[in-house]
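Chemist: let me see the structure of the following:
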Amino acid sequence: MSKREIRQGDVFMVNLSNDSIDHEQSNVRPCVIASCDIRNSKSSNIFVFPITHAYKKAQPCHYKLYKEQYDFFSYKVNTVLCEEGRSISKKRLERKLGSIELKDLLEILKIKEYIFIEKKI
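Modeler: Just a heads-up that it's a prediction; the model follows:
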């Protein structure tokens with residue numbers, strides 16, 4: 001992958017590979033970049049949350065993004081799976097789709113805390 005700017009809140013198509021176990025997200029799918037810009041520029045790894053268009057039962061660790069707001073999505077409703085966040089190599093990034101607004105990014109980062117701290121959001 002050529003040197004390119006990767007920013008927190010960007011949405012990339014990411015190759016999560018086919019070696020998933022059980023219910024881990026796999027294949028090529030959109031992911032939102034969650035790691036801070038300093039890490040994104042200095043590290044060979046970044047932290048992402050996968051996004052799915054498949055219907056998912058509502059959970060406190062999910063966040064919905066809509067095509068009407070982000071025209072780079074192919075589907076009307078897209079669910080950010082905050083419980084599936086993981087560190088990946090930048091080599092897994094395929095192409096940038098776009099970026100989400102700060103208000104949505106802040107909500108996603110707030111929701112991810114639910115995974116680690118049991119509290120009401």
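Chemist: quick one: neighbours of T79, just the number.
Modeler: By other Cβ atoms under 10 Å, 19 other residues sit near T79. (Each C-beta comes from the backbone N, C-alpha and C, glycine too.)
Chemist: and the helix or strand of the chain with the lowest mean pLDDT, what does it pack onto?
Modeler: Averaged element by element with mean pLDDT, DSSP states H and E, the chain has its least confident helix or strand at helix 102-116 (a mean of 87). Helices and strands touching helix 102-116, by 3 or more Cβ pairs under 8 Å, 6 or more residues apart in numbering; DSSP states H and E, are strand 62-66.
Chemist: where does the protein dip in pLDDT?
Modeler: 1-3, 18-26, 114-121 (pLDDT under 70).
Chemist: switch the cut-off to 90
Modeler: Applying pLDDT under 90 to the chain picks out residues 1-4, 16-27, 54-61, 83, 111-121.
Chemist: for it, what spans make up the strands?
Modeler: Here the chain has its strands, by DSSP state E, at 10-15, 28-33, 45-52, 62-66, 77-81, 86-89, 93-99.
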